[in-house]
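Peer 1: can't give you the sequence, but here's the structure:
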């Protein structure tokens, strides 16, 4: 069992100064919430006390201003609606610089940045995430962590996927058929609804065939702009046996013209240059629902390593800082 102690107080702070710091932290958290980002706490001891009082897991985020992938997560996962909502309702998040809390990071066995550590209110570590994660996989990991702690689903209503349309009808019959609220199944943090019991049974047996790739977010917006825009069932594309949801008709046309560029957006190879995705793969014809499909591609995997360019920048930046 690992317990996290409060950081030793610094000498020279008056009570008035401490009161001012508290007000500054509150204002900072309010600004973060207003900007639809995570309301990070900045003092470990205060965050621990809050986690104990609320009986919520403590989310410790280790970062550094030189860390490229930290900035990527700040612009991606940490402003994504599902992750922000989880940070408000199910965690007490605190952000720490790794160089200021080096001993704590080492005691937790951390090796890379960014690193996320989820801790019970009593101090036991539940799980750790090291490295970059996109919004979908990071949110899924948060849910896995909550499930491991017996908290998944408490006070939480799952988001209904595909605007309540039946995923089996869409993939197998190429129809937008409404699902029933009484015929549901849960998968990867979403609730799916089905047109009949046979469709529900088919989904439960092979959810990877019917659940949309990239957690339902538009792959074209992700690759071209780095944004996480929900896709729409009416603009779906079936490629390599998987359903991809585009944000609008233009995005679907763009996907069909060059499917290899977008199809790997949620696979481990997403950390490669997007212009190089699929250049060594055999091209297949992408079709809007209504045409034949092929066998499913390999499963999504979490990768802990940043791309080579990010590694180089992370190595060079501290050196340049020393020269200033």
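Peer 2: Yep, that arrived. Quantities reported herein were computed from a predicted structural model and do not represent experimental measurements.
Peer 1: which stretches of the stretch 151-300 of the chain form strands?
Peer 2: With DSSP state E, counting those that start in this stretch, the ranges of strands along the stretch 151-300 of the chain come out as 159-160, 180-187, 190-194, 236-239, 242-245.
Peer 1: buried deepest among these, which one?
Peer 2: Highest mean neighbour count of those: strand 242-245, a mean of 25 (counted as mean count of other Cβ atoms under 10 Å). For the C-beta atoms, the positions are set from N, CA and C on the backbone; glycine is no exception.
Peer 1: adjacent strands (with direction) for that strand?
Peer 2: Based on DSSP bridges, the strands next to strand 242-245 in the sheet, each with its direction, are strand 236-239 (antiparallel).
Peer 1: what mean pLDDT does the strand it pairs with get?
Peer 2: Strand 236-239 carries an average pLDDT of 92.
Peer 1: now render the strands of the stretch 151-300 of the chain as JSON lines, adding distance to residue 95.
Peer 2: Formatted as JSON lines, these follow (distance: least, Cβ to Cβ, whole Å):
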{"stretch": "strand 159-160", "distance to residue 95": "26"}
{"stretch": "strand 180-187", "distance to residue 95": "31"}
{"stretch": "strand 190-194", "distance to residue 95": "28"}
{"stretch": "strand 236-239", "distance to residue 95": "38"}
{"stretch": "strand 242-245", "distance to residue 95": "32"}
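Peer 1: closest to residue 256 out of those strands?
Peer 2: strand 236-239 (6.3 Å; Cβ to Cβ).
Peer 1: low-confidence ranges, the stretch 101-250 of the chain, go.
Peer 2: Along the stretch 101-250 of the chain, segments meeting pLDDT under 70 span 153-157.
Peer 1: show me what contacts the closest residue to residue 229 other than its chain neighbours?
Peer 2: For residue 229, ignoring the flanking residues on the chain, the nearest one in space by Cβ to Cβ, 6 or more residues apart in numbering is residue 221 at 4.1 Å. Residue 221 makes contact with 227-229, 247, 251, according to Cβ atoms under 8 Å, 6 or more residues apart in numbering.
Peer 1: try residue 247
Peer 2: The contact partners of residue 247, taken as Cβ under 8 Å, 6+ apart, are 218, 220-221, 229-232, 235.
Peer 1: quick one: which of these is nearest residue 196?
Peer 2: Checking the contacts of residue 247 against residue 196 by Cβ to Cβ gives residue 232 as the nearest, at 23.4 Å.
Peer 1: and the next element down the chain from the one helix or strand residue 53 maps to?
Peer 2: In this structure, residue 53 is located in helix 44-54 according to DSSP states H and E. Proceeding N to C from helix 44-54, the next assigned helix or strand is strand 58-63, under DSSP H and E.
Peer 1: now do the next helix or strand after that following strand against strand 58-63, angle only.
Peer 2: Past strand 58-63, heading to the C-terminal end, the next element that is a helix or strand (DSSP H and E) is helix 68-75. Between helix 68-75 and strand 58-63, the angle comes out at 130 degrees (axes from the mean of the first three to the mean of the last three Cα atoms, to 10 degrees).
Peer 1: buried residues in helix 68-75?
Peer 2: Using 16 or more other Cβ atoms under 10 Å as the test for burial, helix 68-75 gives 68-70, 72-74.
Peer 1: for these, which one is nearest residue 200?
Peer 2: For the buried residues of helix 68-75, the residue nearest residue 200 by Cβ to Cβ is residue 73; the value is 35.5 Å.
Peer 1: cross-check the contact I'm expecting between that closest one and residue 137.
Peer 2: No: counting by Cβ atoms under 8 Å, residue 73 does not reach residue 137; the two are 11.3 Å apart.
Peer 1: flag every buried residue along the helix holding residue 53.
Peer 2: 44, 46-48, 50-51.
Peer 1: would you turn those residues into CSV with distance to residue 190 and pLDDT?
Peer 2: Written out in CSV, the entries for those read as follows (distance: Cβ to Cβ, whole Å; pLDDT from 0 to 100):
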residue, distance to residue 190, pLDDT
44, 34, 96
46, 34, 95
47, 30, 96
48, 32, 95
50, 30, 95
51, 27, 94
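Peer 1: quick check: closest non-adjacent residue to residue 148.
Peer 2: Computed as Cβ to Cβ, 6+ apart, the closest residue to residue 148 that is not its neighbour in sequence is residue 126, at 6.0 Å.
Peer 1: please, which helix or strand holds the one you found?
Peer 2: Per DSSP H and E: residue 126 is located in strand 125-130.
Peer 1: just name whatever secondary elements that strand is in contact with.
Peer 2: Contact here means 3 or more Cβ pairs under 8 Å, 6 or more residues apart in numbering; DSSP states H and E; on that basis strand 125-130 packs against strand 115-119, helix 135-148.
Peer 1: neighbours of residue 149, just the number please.
Peer 2: By the other Cβ atoms under 10 Å criterion, the neighbourhood of residue 149 contains 16 residues.
Peer 1: drop anything exposed from the contacts of residue 221.
Peer 2: Buried members of these, scored by 16+ other Cβ under 10 Å, are 228-229, 247, 251.
Peer 1: now, the most widely separated pair of those?
Peer 2: Comparing all pairs in the buried ones among the contacts of residue 221 by Cβ to Cβ, the longest separation belongs to 228 and 251, at 13.3 Å.
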